[in-house]
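# need coordinates for the following:
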Amino acid sequence: MPSLTKESLLTKGWQYQHVYRRGHRIRANGFTLIYVSNTVGRNRLGISVSGMKLAVKRNRIKRLIREFYRIHPLFPSAIAGAGEIQGGFDLVVATNSHFVPRGLKHLEPVFLSFLPVGCHLEAAAAGK
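All right, here's what the predicted structure looks like:
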């Protein structure tokens, strides 16, 4: 299973601003998925947790989202509906105080429900 490297994360403020300004949004109860294609050629993840006053809760949410992304690195391409599910998308997961996942088993079906019909990440990963 691949680990998350610094290259697979959005780390600069201008990178987040680019996604916020030009990205497509998918809103759900307590969070928003914002994605945009990039010129880097690989998927990258950014996480924005707002409305959580306790750092312990904020950090737990970020850990869960990072773990989901580590398990499903093709998720940004799949959510964008890219024909060939390969790299090239930036995804920001922006949460608010209503988003309190109980664990990865709760988070995973919620995120996977936004995939286009017929898109399966496991099948796409096997075809790599």
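# and stretch 27-40, which residues are buried?
Applying a neighbour-count criterion of 16 or more other C-beta atoms under 10 Å, one finds 31, 32, 33, 34, 35, 36, 37, 38 buried in stretch 27-40. Backbone N, C-alpha and C define where each C-beta goes, glycine included.
# please apply the same query to stretch 105-117.
Result for stretch 105-117 [16+ other C-beta under 10 Å]: buried residues 107, 108, 111, 112.
# of all the residues you listed, which comes closest to residue 71?
residue 108 (7.9 Å; C-beta to C-beta).
# check whether that closest one really touches residue 68, as I assumed.
Yes - counting by C-beta atoms under 8 Å, residue 108 does reach residue 68; the two are 6.1 Å apart.
# so where do the strands sit in this structure?
Taking DSSP state E, the strands of the chain run over residues 24-28, 31-37, 44-49, 89-95.
# residue 4: which of the ones you listed is closest?
Ranking those by their distance to residue 4 (criterion: C-beta to C-beta) puts strand 44-49 first, at 7.7 Å.
# burial count for residue 90?
The local packing of residue 90 (other C-beta atoms under 10 Å) involves 25 other residues.
# okay, and the beta partners of it?
residue 36, residue 44 (DSSP bridges).
# correct me, but it touches residue 38?
Yes - using C-beta under 8 Å, residue 90 makes contact with residue 38 at a distance of 4.9 Å.
# overlap in contacts of the two?
Overlap of the contact sets of residue 90 and residue 38 (by C-beta atoms under 8 Å, 6 or more residues apart in numbering) consists of residue 44.
# alpha carbons of the lengthiest helix in the chain, as CSV, please.
Identified as the longest helix of the chain according to DSSP state H is helix 55-71. The C-alpha trace of helix 55-71 is given here as CSV (Å, rounded to 0.1, in the frame of the first residue of the first chain):
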residue,chain,number,x,y,z
ALA,A,55,-7.5,20.1,17.8
VAL,A,56,-7.9,16.5,18.7
LYS,A,57,-11.1,16.3,16.7
ARG,A,58,-9.6,18.3,13.8
ASN,A,59,-6.6,16.1,13.6
ARG,A,60,-8.7,12.9,13.8
ILE,A,61,-10.8,14.0,10.8
LYS,A,62,-7.6,14.9,8.8
ARG,A,63,-6.1,11.5,9.7
LEU,A,64,-9.2,9.7,8.5
ILE,A,65,-9.3,11.6,5.2
ARG,A,66,-5.6,11.0,4.6
GLU,A,67,-6.0,7.3,5.3
PHE,A,68,-9.0,7.1,2.9
TYR,A,69,-6.8,8.8,0.2
ARG,A,70,-3.9,6.5,0.9
ILE,A,71,-6.1,3.5,0.3
